[in-house]
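Novice: Mind folding the following:
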Amino acid sequence: MGSLFSIAAIVFWALCAAGIAWYASEVAKDVTYVTLADGRRQERSIPMVFKLLLPFVGNLDKLVSRPMFAKQIETADWMLVAAGFEGLISGREFVALKILCPIVLGAAWTVLIALLGAALPDSPFSAGFVPISLLGFALFYLQPMMWLRGALKKRHLAIMKALPFVLDILTLSVEAGMDFISALQRNCQSRKLDPLNEELLRMTKEIQVGSSRREALRNMADRVRQSDLRSVAFALIQADELGVSIGAILRIQSEQLRSRRFDRAEKLAHEAPTKMLGPLMLCIFPAVFIILLGPVLSQAMKGML
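Specialist: Below you'll find the model as predicted:
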């Protein structure tokens, strides 16, 4: 009777594992897209864990609708929009993922630690079962926000790198007699789709559907929240209000951005020796010590024996 029960348990767990593997393989085939302002779809990659758990976030709607999660949802909404994931994941879904990740992955992590502790009784997995399990829960809770911050930082960096070149192109176009909106449209058509081009494309579409140029620029600055782009947008808004030449403002902003880029590069160059000190002390010095003193210590050990 006991053997039949064991066989049934093995078959049950094998079927569960096969079902999970099939579900994961099907989800992995899905390609996630966001829809741009002109109707085109752009591929966006999200973690595999998010793809697996997104179909289940609806079960937590009542929980995340409570007032205690309102601030987290608001923060997640603007971060997802600024990172380029608008329409793909909502702030409510992201907060639900932050709850689901430690529950699902933390449970799997705890079972894995328990199995390792049972298989290796003298290992740290057995002695430190509770701390290791709690550490896993904490990491799985923090992982969604760490991913989102990384994606936002990457998008802001791409915008910062592309902005001076785009401003140069717009400056040349405006000074050659083209109006600002036509210069933006031509820039969006001629350049590849990068994060900055996507935001400029959305701004031009807002102007085409009836928004004023000031309102579209202000919306872009509030949506992206990247310091360089905000300064350019507010400078253009001020120039529009005061009637100053846009070409002159674009040229000044381009020079200022290049100056800031040089200052950032200079700052990073000054920080490099300090950052290299840690790897130098941990890796290079011990290796040199072993290479130089290894033969001496070997001879000394042989003399003692």
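
Novice: any idea how far residue 194 lies from residue 36?
Specialist: 12 Å (C-beta to C-beta, to the nearest Å). To be clear about C-beta, it is placed using only N, CA and C from the backbone, and glycine gets the same treatment.

Novice: correction: residue 207
Specialist: Distance of residue 207 to residue 36, given as C-beta to C-beta: 16 Å.

Novice: what does residue 52 give?
Specialist: 26 Å.

Novice: Name all residues that make contact with the spatially most central residue of the chain.
Specialist: Closest to where the C-alpha atoms of the chain average out (C-alpha atoms, centre = their mean) is residue 151, at 1.7 Å. Residue 151 sits next to 83-85 when contact means C-beta atoms under 8 Å, 6 or more residues apart in numbering.

Novice: Tell me the one of those residues nearest residue 163?
Specialist: Nearest to residue 163 among the contacts of residue 151 is residue 84, at 15.9 Å by C-beta to C-beta.

Novice: Confirm that closest one sits in a strand?
Specialist: No: counting by DSSP: H, G, I helix; E, B strand; the rest coil, residue 84 is not found in a strand; it is coil.

Novice: and it, what is it in contact with?
Specialist: 34, 44, 151, 155, 195, 198.

Novice: In strands only, show me these.
Specialist: residue 34 (DSSP state E).

Novice: Output the contacts of residue 84 in JSON lines; the columns should cover distance to residue 219 and pLDDT.
Specialist: Putting the contacts of residue 84 into JSON lines (distance: C-beta to C-beta, whole Å; pLDDT from 0 to 100) gives the following:
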{"residue": "34", "distance to residue 219": "17", "pLDDT": "79"}
{"residue": "44", "distance to residue 219": "21", "pLDDT": "82"}
{"residue": "151", "distance to residue 219": "21", "pLDDT": "91"}
{"residue": "155", "distance to residue 219": "17", "pLDDT": "92"}
{"residue": "195", "distance to residue 219": "16", "pLDDT": "88"}
{"residue": "198", "distance to residue 219": "14", "pLDDT": "88"}
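
Novice: For the contacts of residue 84, work out which two are farthest apart.
Specialist: Across the contacts of residue 84 (C-beta to C-beta), the longest gap, 14.0 Å, separates 151 and 198.

Novice: Now do the helices in this protein.
Specialist: Listed in chain order, the helices of the chain (DSSP state H) span 2-29, 48-53, 61-64, 70-82, 91-119, 124-127, 129-175, 180-190, 195-208, 213-224, 227-242, 246-279, 285-304.

Novice: which one of those helices lies closest to residue 40?
Specialist: That would be helix 195-208 among those, by C-beta to C-beta, at 9.0 Å.

Novice: quick one: contacts of the closest one?
Specialist: Everything outside helix 195-208 that qualifies as a contact, by C-beta under 8 Å, 6+ apart, is 36-38, 42, 84, 155, 158-159, 162-163, 166, 181, 184-185, 187-188, 191, 213, 215-217, 219-220, 223-224, 229.

Novice: If any of those residues are buried, put those into a ChimeraX selection.
Specialist: Restricted to buried positions by 16 or more other C-beta atoms under 10 Å, the ChimeraX selection for the contacts of helix 195-208 reads:
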select :36,37,84,155,159,162,163,166,184,185,187,188,191,213,216,217,219,220,223,224,229
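
Novice: can I get the contacts of residue 151 in JSON lines with distance to residue 277 and pLDDT?
Specialist: Output for those, formatted as JSON lines (distance: C-beta to C-beta, whole Å; pLDDT from 0 to 100):
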{"residue": "83", "distance to residue 277": "33", "pLDDT": "89"}
{"residue": "84", "distance to residue 277": "36", "pLDDT": "87"}
{"residue": "85", "distance to residue 277": "37", "pLDDT": "88"}
